[in-house]
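Peer 1: Compute the structure for the input listed below.
(6 chains)
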6 protein chains.
Amino acid sequence: MGKKLDEFQANRLEMNEKLIGSNNINIKRFFALDERAYADGALSHKTKELLGLSASLVSRCDDCITYHLLQCHEAGVTKEEFLETLNIGLIVGGSVVIPHARRAIAVLDELDEDAAAEASSEEA
Amino acid sequence: MGKKLDEFQANRLEMNEKLIGSNNINIKRFFALDERAYADGALSHKTKELLGLSASLVSRCDDCITYHLLQCHEAGVTKEEFLETLNIGLIVGGSVVIPHARRAIAVLDELDEDAAAEASSEEA
Amino acid sequence: MGKKLDEFQANRLEMNEKLIGSNNINIKRFFALDERAYADGALSHKTKELLGLSASLVSRCDDCITYHLLQCHEAGVTKEEFLETLNIGLIVGGSVVIPHARRAIAVLDELDEDAAAEASSEEA
Amino acid sequence: MGKKLDEFQANRLEMNEKLIGSNNINIKRFFALDERAYADGALSHKTKELLGLSASLVSRCDDCITYHLLQCHEAGVTKEEFLETLNIGLIVGGSVVIPHARRAIAVLDELDEDAAAEASSEEA
Amino acid sequence: MGKKLDEFQANRLEMNEKLIGSNNINIKRFFALDERAYADGALSHKTKELLGLSASLVSRCDDCITYHLLQCHEAGVTKEEFLETLNIGLIVGGSVVIPHARRAIAVLDELDEDAAAEASSEEA
Amino acid sequence: MGKKLDEFQANRLEMNEKLIGSNNINIKRFFALDERAYADGALSHKTKELLGLSASLVSRCDDCITYHLLQCHEAGVTKEEFLETLNIGLIVGGSVVIPHARRAIAVLDELDEDAAAEASSEEA
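Peer 2: Residues are numbered from 1 along each chain as shown, chains lettered A, B, ... in the order given. Down below sits the predicted model:
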């Protein structure tokens, strides 16, 4: 992953750890439920991550969008599929979603650069 | 469709007609874009309707939820798939989504009753 | 006003009275500030009511929309101006604003019927 | 409870039952977590219900507001305390909270009438 | 424009370009509709930008607010008119709008400094 | 206070001053009402600050959350009470509140470090 995404993930994990590790058992349970919601079931993990992305776009939550972009990417979501999901986010949530779509594109660009860097290092 | 859903659809179509038929061309274009967003593409129509449902749940828009439930139903979404989508709506949007999940269940019940009525009339 | 709008206004005034008349002085002050926000100033009362309508549309608050539609109507806002404001509401707030736009059209229809009824009774 | 509140509670329980009783274990777990969040702990049950009311007011969720009003009432919240919480809801969430505050007042009125009816029947 | 606003505009245009230039025609159409919504019509461009600002304030979208502040400024909106619009944003959207109003004031300050710098360079 | 919190407070006060000191009397009145909402009354100042925190969490307003965390801290809210309030925020507002809960934990950590630094300097 690119530097910005690396930092995002490191900070996200560190602070989640503190929330989950606090002596409030209900917060820990909430995080467990959150993770389970995206597991393979009647709907595939990939579809569920797209549902999370769509919900995050209209909720206009940048960190949630970044997280689901990474999860979707790992699940094999293609550029065209990302763009169609962004479009649904724009239609359902309106132009206030545009700034978040701009930042989503920046995340996708960083993922593309990672892939390009890996490919060129493999070639060498 | 059951009586409540019939009324919902009739009112929805009548008022949309007035908005689309008004002499504001941009409103008409917005409705056209809205419809196109859910057409088959890189993602299937079914998946896109689920994305619309997920976005509507966390936006807590009852009419939008009802509309996407009907579209999903027509696209063959099963009870298990509906419940997993409702669960993602609850996790992402929190307990304020519960009242909308209750009304979503009532819509699904009405769709089940329709199916049962049709099946029994076909048997006769 | 038509029957539905009459009932809306009567209920609105009765319950506001209870809130304002309660022994919580800060609630009373909030209502006073709310009213003052739309008074003629550097911007006209009409423009300010349109600003209130635009804000209410994207906040998806039906009662607020109905209230500002009535205020705008009284301030002389035309059908074309209403439609352009609805369009901005749809663009900024997305398709989740559509159900509220449908209900806004129903309010405008009721206001038109009132005007038609008055005109025909004056002719007689 | 008055008739409207009785119907609210009956419908609420019936539909919650369907959600909890569905074969989606995660939905059931979410409801369990939701209930636990308001149990006595470092903060009292009463304070937590007030926190739920405050969060529901700014989320502009009528059913959530009604539910927490009932829970608060049972926990002994007084009229003055309700009004101060409504005021915080108005200040934090703005005038779009007013319609919900009007409906909250109607619920409190219904609870007062219940209390008055009970008191007079006990006297008899 | 000041340095921060210059960077905002440059980044905004670059990322919009990527969204519009992607091979998703519906996203391109959405941007076109977004632009058309603020064109002169029954309501003036200036009034429509104020409507966009009001909607952006209660939607608490900093980038949208900055964009409409710049558009309004270019359309000749005065300091008094800005403050009255901010006040409507605060009343309708509540104290959660305050942080965005603080950032809006910083943008207006930067625009004032630009004007002052230009005026003094013209004098020289 | 730690450096980040010091900067937050300094910027907050500077920009509030500009808003309050502008020649728009209604904005000044709104700030006055905002402050009064949290004064001791039927509910204690501490409880009201917790209500403000709960409302800010589900509104997902980082600056509002930071402000109420500081106010709560000063009013003697303990770590356990903070965690129970964060949990209510997560349950009511869903996983989109998680990023804000992460940042809330970082603020609480900074407050703890301040306390530790003070304690060790007193010992010396």
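
Peer 1: Can you give me every residue that contacts the residue most central in space within chain A?
Peer 2: The centroid of chain A falls nearest to A:His68 when counting by C-alpha atoms, centre = their mean (1.9 Å). By C-beta atoms under 8 Å, 6 or more residues apart in numbering or on different chains, the residues touching A:His68 are A:Glu49, A:Leu50, A:Gly52, A:Leu53, A:Ser56. C-beta here means a position set from N, CA and C on the backbone, and glycine is covered the same way.

Peer 1: 6 Å instead?
Peer 2: Applying C-beta atoms under 6 Å, 6 or more residues apart in numbering or on different chains to A:His68 gives the contacts A:Glu49, A:Gly52, A:Leu53, A:Ser56.

Peer 1: do you know how far the closest residue in space to A:Leu5 that isn't next to it in sequence is from A:Lys4?
Peer 2: Excluding its sequence neighbours, the residue lying closest to A:Leu5 (C-beta to C-beta, 6 or more residues apart in numbering or on different chains) is A:Glu110, at 5.6 Å. Computed with C-beta to C-beta, to the nearest Å, the distance linking A:Glu110 and A:Lys4 is 6 Å.

Peer 1: Just give the nearest non-adjacent residue to the residue nearest to the centre of chain A, would you?
Peer 2: A:Leu53 (4.0 Å).

Peer 1: What about that neighbour, how many residues nearby?
Peer 2: Neighbourhood size, A:Leu53 [other C-beta atoms under 10 Å in any protein chain shown]: 27.

Peer 1: so which strand or helix has it?
Peer 2: For A:Leu53, the element it lies in under DSSP states H and E is helix A:45-59.

Peer 1: Tell me which helix or strand comes right after that helix.
Peer 2: Proceeding N to C from helix A:45-59, the next assigned helix or strand is helix A:62-74, under DSSP H and E.

Peer 1: starting at the chain centroid, how far to that following helix?
Peer 2: Distance, stretch centre to chain centre, for helix A:62-74: 1 Å (C-alpha atoms, centre = their mean, to the nearest Å).

Peer 1: just stretch A:76-95 next, same as before
Peer 2: 13 Å.

Peer 1: Mind listing residues that contact that stretch?
Peer 2: With C-beta under 6 Å, 6+ apart as the test, stretch A:76-95 has contacts from A:50, A:53-54, A:57-58, A:97, A:101, B:34, B:37, B:41-43, B:51, B:55, C:91-95, E:22, E:24, E:26-27, E:30, E:34.

Peer 1: As a check, name the ranges of all helices in chain A.
Peer 2: Using DSSP state H, the helices assigned to chain A run over residues A:3-21, A:25-36, A:45-59, A:62-74, A:79-93, A:98-123.

Peer 1: Reformat these as JSON lines; add mean pLDDT.
Peer 2: JSON lines is the format used below for those (pLDDT from 0 to 100):
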{"stretch": "helix A:3-21", "mean pLDDT": "96"}
{"stretch": "helix A:25-36", "mean pLDDT": "98"}
{"stretch": "helix A:45-59", "mean pLDDT": "98"}
{"stretch": "helix A:62-74", "mean pLDDT": "98"}
{"stretch": "helix A:79-93", "mean pLDDT": "98"}
{"stretch": "helix A:98-123", "mean pLDDT": "92"}
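
Peer 1: Quick one: closest of those helices to E:Leu13.
Peer 2: helix A:98-123 (10.1 Å; C-beta to C-beta).

Peer 1: Show me which residues of chain A sit near chain E.
Peer 2: Counting by C-beta under 6 Å from any C-beta of the partner chain, chain A comes close to chain E at A:Leu83, A:Asn87, A:Leu90, A:Ser95, A:Val96, A:Pro99, A:Ala101, A:Arg102, A:Ile105.

Peer 1: Get me the contact residues on chain A for chain C.
Peer 2: So chain A meets chain C at A:Ile91, A:Val92, A:Gly93, A:Gly94, A:Ser95 (C-beta under 6 Å from any C-beta).

Peer 1: neighbours of the fourth one, just the number please.
Peer 2: Other residues near A:Gly94 number 28, with proximity taken as other C-beta under 10 Å.

Peer 1: quick one: pLDDT of it?
Peer 2: A:Gly94 is assigned 98 on the pLDDT scale.

Peer 1: quick one: A:Leu13 from chain E, how far?
Peer 2: 27 Å (C-beta to the nearest C-beta, to the nearest Å).

Peer 1: Next, count neighbours for that residue.
Peer 2: 10.

Peer 1: same deal with A:Lys18?
Peer 2: When neighbours are counted by other C-beta under 10 Å, A:Lys18 comes out with 15.

Peer 1: One more: A:Ala119?
Peer 2: For A:Ala119, using other C-beta under 10 Å, the count is 9.

Peer 1: could you measure it against chain E, distance?
Peer 2: With C-beta to the nearest C-beta as the criterion, A:Ala119 and chain E are 21 Å apart.

Peer 1: ok, and the closest non-adjacent residue to A:Met15?
Peer 2: Closest to A:Met15 by C-beta to C-beta, 6+ apart is F:Arg102, at 3.7 Å.

Peer 1: One more: A:Phe8?
Peer 2: Per C-beta to C-beta, 6+ apart, closest to A:Phe8 is A:Thr66, 5.9 Å.

Peer 1: ChimeraX command to pick out the buried ones of the residues of chain A next to chain C?
Peer 2: Selection of the buried residues among the residues of chain A next to chain C in ChimeraX, burial being defined by 16 or more other C-beta atoms under 10 Å in any protein chain shown:
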select /A:91,92,93,94,95
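
Peer 1: one step back: looking at A:Glu110 and A:Lys4, which one has more neighbours?
Peer 2: More crowded of A:Glu110 and A:Lys4, by other C-beta under 10 Å: A:Glu110, with 19 against 12.

Peer 1: so the more buried one sits right up against A:Gly2, yeah?
Peer 2: Yes - here A:Glu110 lies in contact with A:Gly2, judged by C-beta atoms under 6 Å, at a distance of 3.9 Å.

Peer 1: on that earlier part again, report the separation between the residue nearest to A:Met15 and B:Glu49.
Peer 2: 33 Å.

Peer 1: can you count the residues close to A:Asn11?
Peer 2: 14.

Peer 1: any idea how far chain E is from the nearest residue to it once chain neighbours are set aside?
Peer 2: Spatially, and ignoring its direct neighbours in sequence, A:Asn11 is nearest to F:Arg102 (7.7 Å; C-beta to C-beta, 6+ apart). Counting by C-beta to the nearest C-beta, the gap from F:Arg102 to chain E is 18 Å.

Peer 1: circling back: need the max-distance pair from the contacts of A:His68.
Peer 2: Pairwise distances across the contacts of A:His68 (C-beta to C-beta) peak at 10.2 Å, for the pair A:Glu49 and A:Ser56.

Peer 1: higher neighbour count, those two?
Peer 2: A:Ser56 (27 against 23).

Peer 1: Neighbours of A:Ala10, how many?
Peer 2: 10.

Peer 1: do you know how far it is from A:Glu17?
Peer 2: For A:Ala10 relative to A:Glu17 (C-beta to C-beta), the value is 11 Å.

Peer 1: Kindly report the same for A:Val77.
Peer 2: 27 Å.

Peer 1: Which one's more surrounded, the two?
Peer 2: Per other C-beta under 10 Å, whichever of A:Val77 and A:Glu17 has more neighbours is A:Val77, with 22 against 11.

Peer 1: Give me the local confidence score for the more buried one.
Peer 2: Model confidence at A:Val77 (pLDDT) stands at 98.

Peer 1: ok, now A:Gly2?
Peer 2: If you check A:Gly2, the pLDDT there is 80.

Peer 1: who's in contact with it?
Peer 2: Contacts of A:Gly2 (C-beta under 6 Å, 6+ apart): A:Glu110, A:Asp114.

Peer 1: That one and chain B, how far apart?
Peer 2: 24 Å.

Peer 1: Burial check on A:Lys48, number of neighbours?
Peer 2: A:Lys48: 26 neighbours (other C-beta under 10 Å).

Peer 1: thought it was touching A:Tyr38?
Peer 2: Yes - taking C-beta under 6 Å as the definition, A:Lys48 is a contact partner of A:Tyr38 at 4.5 Å.
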